[in-house]
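Novice: Here is the input, now give the coordinates:
(one chain, ligands or ions: 1)
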Amino acid sequence: MIIGCPKEIKNNENRVALTPGGCLELVRRGHTVYVQTGAGVGSGYDDDAYVESGAVILPTIEDVYAKSETIVKVKEPIASEYDLIREDQFVFTYFHFASSKPLTEAMIKSKSICLAYETVEAPNGSLPLLVPMSEVAGRMAIQQGANYLEKPKGGIGILLGGVPGVKPAKVVVLGGGVVGIQAAKMAAGLGAQVILMDINLDRLRYLADVLPANVRTVYSSEYNIRKELSTVDLIVGAVLIPGAKAPHLITREMLSEMRDGSVVVDVAVDQGGCIETCKPTTHADPTFVVDGVLHYCVANMPGAVPYTSTLALTNATFPYLLQIAEKGWEKACEDNAGLKKGLNVVRGEIVYQPVADAFGM
Ligand SMILES: NC(=O)c1ccc[n+]([C@@H]2O[C@H](COP(=O)([O-])OP(=O)(O)OC[C@H]3O[C@@H](n4cnc5c(N)ncnc54)[C@H](O)[C@@H]3O)[C@@H](O)[C@H]2O)c1
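Specialist: As a prediction, this is how the structure comes out:
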């Protein structure tokens with residue numbers, strides 16, 4: 001198969017969909033790999049690393065799309081890429097179709113085959129190509145929170161882990177899924193006093209079993225959240241209700257109970273946020289203050305750590321790419337029902353019901 005990896009052109013996107021290691025595996029199996037010059041630089045891989053792995057470097061994005069049967073990417077194609085995608089070309093990337101009608105219409109028009117990372121399912125129903133980015137964001141939430149709790153950054157001026165003889169900071173994590181468990185682990189590892197809240201009792205049982213003693217699990221309710229607000233230093237928002245906007249677990253009115261200089265990191269901001277006052281920010285301007293509380297609400301947190309995020313993402317995507325390369329997409333999807341769930345648009349038709357529903361198509 002001829003596989004092409006273009007350089008990501010979305011603003012501030014430094015990840016790359018194929019590493020030199022992945023390239024080597026594909027080339028060894030007899031596939032041809034085209035990589036656009038500079039595609040891996042933001043993640044620490046120069047063109048030479050790809051050449052050593054057997055890839056052919058192409059000078060422009062147009063060349064990569066024109067010569068490849070399969071395109072592997074990170075972010076959804078942006079408008080300038082729409083016309084590069086052609087009939088019967090297979091595109092494997094994050095699409096998030098439901099949030100963009102123009103993208104959906106453009107891919108229908110292209111008659112390409114679009115397999116979206118975000119809807120590929122594992123046998124247990126989990127979303128294996130979303131998990132790694134949640135893991136990155138959960139761990140980063142504590143790094144960012146600890147940073148913004150420092151006085152010069154606008155925070156209250158507390159060290160997350162305290163020191164001997166001085167009590168640590170108090171961290172509340174709302175939601176104990178993938179983001180939440182990673183955030184709780186990181187905060188606990190730094191020595192903070194952590195309260196992890198969820199509404200799923202089975203999940204709370206599991207979390208209570210596997211997390212260290214400085215993480216307490218508490219059932220999530222307005223009453224229980226309110227009780228913590230006057231003493232909390234850092235809140236991490238990590239709630240998800242699949243297919244719905246995140247519920248506002250901390251309202252504007254509740255925020256006034258928090259102390260000046262306390263920090264909220266709302267990771268769930270991409271689903272509207274679970275703190276009412278959150279609105280999406282960027283890495284260039286990540287924070288704002290409401291009622292004295294510092295808010296960090298970057299919608300693409302993993303973008304800040306491409307060296308880690310590229311490997312985390314490709315570790316998860318590569319086994320699927322290999323199946324597609326070895327068998328062709330049709331046979332690969334026939335043999336793997338979870339991979340088939342990733343098909344969203346095929347030769348001019350939407351084949352993933354929630355996307356069709358989103359646009360009444
Ligand atoms: N900002 C970013 O860069 C970034 C990166 C990755 C993920 N995310 C987002 O982070 C959010 C969490 O993702 P995830 O992978 O951890 O999801 P997940 O499904 O693994 O976990 C969500 C958890 O929220 C819990 N929950 C639901 N309602 C609750 C409530 N009222 N109170 C407390 N807990 C509740 C669920 O029981 C579940 O355990 C999602 O919105 C995701 O899109 C953002």
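Novice: how close does the residue in the chain sticking out farthest from the centre sit to Val232?
Specialist: Distance from the C-alpha centroid of the chain, by C-alpha atoms, centre = their mean, peaks at Gly165 (38.2 Å). Applying C-beta to C-beta, to the nearest Å, the value for Gly165 to Val232 is 22 Å. Placement of C-beta: from N, CA and C, glycine included.
Novice: The top helix by length along the chain and the ligand, are they touching?
Specialist: Identified as the longest helix of the chain according to DSSP state H is helix 306-327. No. Using C-beta under 6 Å from any ligand atom, helix 306-327 stays clear of the ligand, coming no nearer than 9.8 Å.
Novice: list the buried ones in that helix?
Specialist: Buried residues in helix 306-327, defined by neighbour count with 16 or more other C-beta atoms under 10 Å: 306, 308-314, 316-318, 320-325.
Novice: Got the domain ranges for this structure?
Specialist: According to automatic domain parsing, the chain comprises the domains 2-120+306-359, 131-304.
Novice: is the ligand contacted by the longest one?
Specialist: The one in question is domain 131-304. Yes. Interface with the ligand: domain 131-304 contributes 133-134, 137, 174-180, 197-200, 203, 220, 238-241, 246-247, 249, 267-271, 299-302 (C-beta under 6 Å from any ligand atom).
Novice: Please flag which of these sit within helices.
Specialist: 133-134, 137, 178-180, 203.
Novice: farthest-separated two in the residues you listed?
Specialist: Met133 and Arg203 (19.9 Å; C-beta to C-beta).
Novice: Looking at the two, which is more packed in?
Specialist: More neighbours surround Met133 than the other of Met133 and Arg203, with 23 against 17 (other C-beta atoms under 10 Å).
Novice: what sits against that one?
Specialist: By C-beta atoms under 8 Å, 6 or more residues apart in numbering, the residues touching Met133 are 302, 309, 312-313.
Novice: Quick check: closest non-adjacent residue to Leu115.
Specialist: Gly342 (4.3 Å; C-beta to C-beta, 6 or more residues apart in numbering).
Novice: Quick check: that neighbour vs Gly125, distance?
Specialist: Per C-beta to C-beta, Gly342 is found 14 Å from Gly125.
Novice: The two: who's more crowded?
Specialist: Neighbours were counted for Gly342 and for Gly125 using other C-beta under 10 Å; Gly342 has more, 23 against 8.
Novice: ok, which stretches of the stretch 151-300 of the chain are strands?
Specialist: 170-174, 193-198, 215-219, 234-237, 263-266, 287-290, 293-296 (DSSP state E, counting those that start in this stretch).
Novice: Report the secondary structure state of Lys7.
Specialist: At Lys7, secondary structure determined by DSSP: H, G, I helix; E, B strand; the rest coil is coil.
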